[in-house]
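Novice: got a predicted model here, sequence first, then my questions.
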Amino acid sequence: MNQFKEISIKDIFKFLVENEKDRIFAEKVMKERKQPKEHDPKNWRHDFFVDVISDMFIDGFCMNYPHGKIIKQTNSSFFYRGENQLYPTTLSSLNRRLNQINKIEERTIEEFIAKMRIADFRNLLLCFDHVQNHISKGLSVLYEQIAQHYGIETNWLDITSDLEVALFFACCKYSENKWMPLTEEDLKKSDQAKYGVLFRKKNNMLHDIELYCNHVKFFPIGYQPFMRCHKQYGYSFYMDPDTDLKDQKYFEVLIFKHNEEFCKSIYEKMEGGKKIFPEEGLNIINDYIESIKSRKIFSRETFNYVCEHEKDLDKNAIEEMIIKYNYEIDDDIAPNDISNEIITSVNEYYKDFDIEKEYNLKLTTRLCFYK
């Protein structure tokens with residue numbers, strides 16, 4: 001396990017200054033890119049590479065990654081993850097639950113069930129014109145990463161490039177269907193609760209390429225059809241079952257002593273969570289998404305879809321085990337039974353949506369040649 005390094009609230013304020021400098025720098029780059037400029041033919045190589053490097057700081061740059069084509073957000077100097085107390089491990093939401101199951105057979109089925117829930121969430125998103133419009137622009141919809149941000153169990157772990165987002169999760173709790181800042185009463189519950197945790201990693205492009213080559217999957221999410229991912233400046237880290245972020249050499253683990261006043265200030269700065277949990281059309285179907293999280297009956301279509309992507313599994317044996325563990329495959333139901341009225345409501349919400357106007361972006365890309 002990585003050795004914890006204790007930092008002070010004063011240190012965090014220094015980090016916040018760095019965070020703000022990143023924002024100012026990105027704004028400056030974007031402003032300069034919008035200005036017409038004359039290129040010196042003798043220095044075209046220099047100008048070209050300056051432009052290419054500046055692409056990383058352009059909000060709205062469309063870029064191909066191994067996981068799809070996304071609308072990128074500006075680069076920052078660091079990646080972060082915040083946790084509101086010292087937990088023994090930092091695992092993906094799915095692996096956290098699977099690691100509590102001892103029987104291999106049961107673990108296999110629960111992982112398969114989780115993949116069917118993600119498949120149903122994907123089918124749900126595909127019902128909406130807003131998602132289809134995103135796809136029609138040649139952009140990828142990252143269904144698993146969106147599912148993770150809306151509380152469905154996956155193998156992905158949420159990371160952010162914005163320190164303020166990480167601090168919100170390090171200083172607040174979700175209680176009685178709302179976010180609240182930690183209080184002195186919360187901090188007295190245990191020794192672990194006295195500390196907030198920040199995972200921090202330098203954003204080094206060459207090092208990150210090396211990580212990818214070593215099969216560490218660490219990707220930006222960017223602007224997706226729904227707002228929560230980009231409001232949280234989301235990145236995703238794919239976690240194998242035995243992967244614990246606290247064991248990784250890629251992040252330093254920083255801990256700090258909580259105090260109620262600081263937690264309240266972060267809560268207020270993030271407007272009680274409204275900055276990262278915005279009002280949006282997907283909130284119309286929040287209850288339906290909640291039902292997917294605990295779904296036990298699945299369509300034959302969903303079952304076949306997941307089997308096609310899990311070719312090493314015996315389809316008949318899996319179906320028998322699904323029944324054994326009190327789940328069901330129903331030949332007579334559709335992947336989703338959401339009503340046309342609700343689909344229409346979500347479509348109406350986004351009827352006049354224009355991504356460039358909504359987020360004050362100019363979508364840009366760079367012509368690439370692939371050998």
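Specialist: Everything's here; your move. Numbers count the residues shown, from 1 in each chain.
Novice: and for stretch 347-363, what's in contact with it?
Specialist: 34, 59-60, 62, 71, 128-130, 133, 223, 230, 280-281, 284 (CB atoms under 8 Å, 6 or more residues apart in numbering). C-betas here are computed from N, CA, C, even on glycine.
Novice: could you say what helices and strands the helix or strand hosting Glu261 packs with?
Specialist: Assigned by DSSP states H and E, Glu261 belongs to helix 260-269. Helix 260-269 sits against helix 163-171, strand 172-175, strand 178-181, with contacts defined as 3 or more CB pairs under 8 Å, 6 or more residues apart in numbering; DSSP states H and E.
Novice: low-confidence ranges, this structure, go.
Specialist: Scanning the chain for pLDDT under 70 picks out 1-2, 205-217, 368-371.
Novice: can you show me the strands along the protein?
Specialist: 5-6, 61-65, 68-72, 78-83, 156-160, 172-175, 178-181, 195-202, 218-220, 234-238, 252-257, 297-299, 328-330 (DSSP state E).
Novice: please produce a markdown table containing those strands, extended by distance to Asn316 and mean neighbour count.
Specialist: Shown next, in a markdown table, are the strands of the chain (distance: least, CB to CB, whole Å; neighbours: other CB atoms under 10 Å):
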| stretch | distance to Asn316 | mean neighbour count |
| --- | --- | --- |
| strand 5-6 | 52 | 12 |
| strand 61-65 | 37 | 17 |
| strand 68-72 | 33 | 20 |
| strand 78-83 | 41 | 22 |
| strand 156-160 | 30 | 23 |
| strand 172-175 | 41 | 15 |
| strand 178-181 | 46 | 16 |
| strand 195-202 | 43 | 22 |
| strand 218-220 | 35 | 20 |
| strand 234-238 | 29 | 23 |
| strand 252-257 | 45 | 18 |
| strand 297-299 | 16 | 17 |
| strand 328-330 | 12 | 13 |
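Novice: possible to save those as JSON lines with distance to Tyr359?
Specialist: Below are these laid out as JSON lines (distance: least, CB to CB, whole Å):
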{"stretch": "strand 5-6", "distance to Tyr359": "36"}
{"stretch": "strand 61-65", "distance to Tyr359": "13"}
{"stretch": "strand 68-72", "distance to Tyr359": "9"}
{"stretch": "strand 78-83", "distance to Tyr359": "22"}
{"stretch": "strand 156-160", "distance to Tyr359": "17"}
{"stretch": "strand 172-175", "distance to Tyr359": "25"}
{"stretch": "strand 178-181", "distance to Tyr359": "23"}
{"stretch": "strand 195-202", "distance to Tyr359": "26"}
{"stretch": "strand 218-220", "distance to Tyr359": "16"}
{"stretch": "strand 234-238", "distance to Tyr359": "15"}
{"stretch": "strand 252-257", "distance to Tyr359": "31"}
{"stretch": "strand 297-299", "distance to Tyr359": "35"}
{"stretch": "strand 328-330", "distance to Tyr359": "41"}
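Novice: nearest to Ala317, of those strands?
Specialist: strand 328-330 (13.3 Å; CB to CB).
Novice: partner strands of the closest one, parallel or antiparallel?
Specialist: Sheet pairing of strand 328-330 (DSSP bridges) gives strand 297-299 (parallel).
Novice: got the contact list for the strand it pairs with?
Specialist: Residues contacting strand 297-299 (CB under 8 Å, 6+ apart): 116, 120, 327-330, 333-335.
Novice: picking up where we left off before, and the helices and strands packed on helix 260-269: which comes nearest Tyr150?
Specialist: Among the helices and strands packed on helix 260-269, strand 172-175 sits nearest to Tyr150 (CB to CB), with 13.5 Å.
Novice: mind listing the strands that closest one pairs with, and their directions?
Specialist: Per DSSP bridges, strand 172-175 is paired in its sheet with strand 178-181 (antiparallel).
Novice: so in this structure, which helix runs the longest?
Specialist: helix 9-34 (DSSP state H).
Novice: got the buried residues for it?
Specialist: 12, 15, 19, 22, 26, 29-30, 33 (16 or more other CB atoms under 10 Å).
Novice: elements contacting it?
Specialist: helix 44-54, strand 78-83, helix 163-171, strand 252-257.
Novice: ok and that helix relative to helix 260-269, angle-wise?
Specialist: 20 degrees (axes from the mean of the first three to the mean of the last three CA atoms, to 10 degrees).
Novice: neighbours around Ser345, how many?
Specialist: By other CB atoms under 10 Å, the residues close to Ser345 number 13.
Novice: so it sits against Ile284, correct?
Specialist: Yes: counting by CB atoms under 8 Å, Ser345 touches Ile284, with 5.4 Å between them.
Novice: one step back: okay, the buried residues of helix 9-34 in TSV with distance to Glu184 next?
Specialist: Shown next, in TSV, are those (distance: CB to CB, whole Å):
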residue	distance to Glu184
Ile12	19
Phe15	24
Asn19	27
Asp22	33
Ala26	37
Val29	43
Met30	43
Arg33	48
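Novice: so which of the residues you listed comes closest to Ser54?
Specialist: Val29 (5.1 Å).
Novice: for Phe49, see how far away that closest one is.
Specialist: 14 Å (CB to CB, to the nearest Å).
Novice: circling back: keeping just the C-alphas, turn the helix holding Glu261 into PDB.
Specialist: The C-alpha coordinates for helix 260-269 follow below in PDB (Å, rounded to 0.1, in the frame of the first residue of the first chain):
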ATOM      1  CA  GLU A 260     -16.100  21.600  10.100                       C
ATOM      2  CA  GLU A 261     -15.400  25.100   8.900                       C
ATOM      3  CA  PHE A 262     -13.400  24.000   5.900                       C
ATOM      4  CA  CYS A 263     -15.900  21.300   5.000                       C
ATOM      5  CA  LYS A 264     -18.700  23.900   5.100                       C
ATOM      6  CA  SER A 265     -16.700  26.300   2.900                       C
ATOM      7  CA  ILE A 266     -16.200  23.700   0.200                       C
ATOM      8  CA  TYR A 267     -19.900  22.700   0.400                       C
ATOM      9  CA  GLU A 268     -20.900  26.300  -0.100                       C
ATOM     10  CA  LYS A 269     -18.300  26.900  -2.900                       C
END
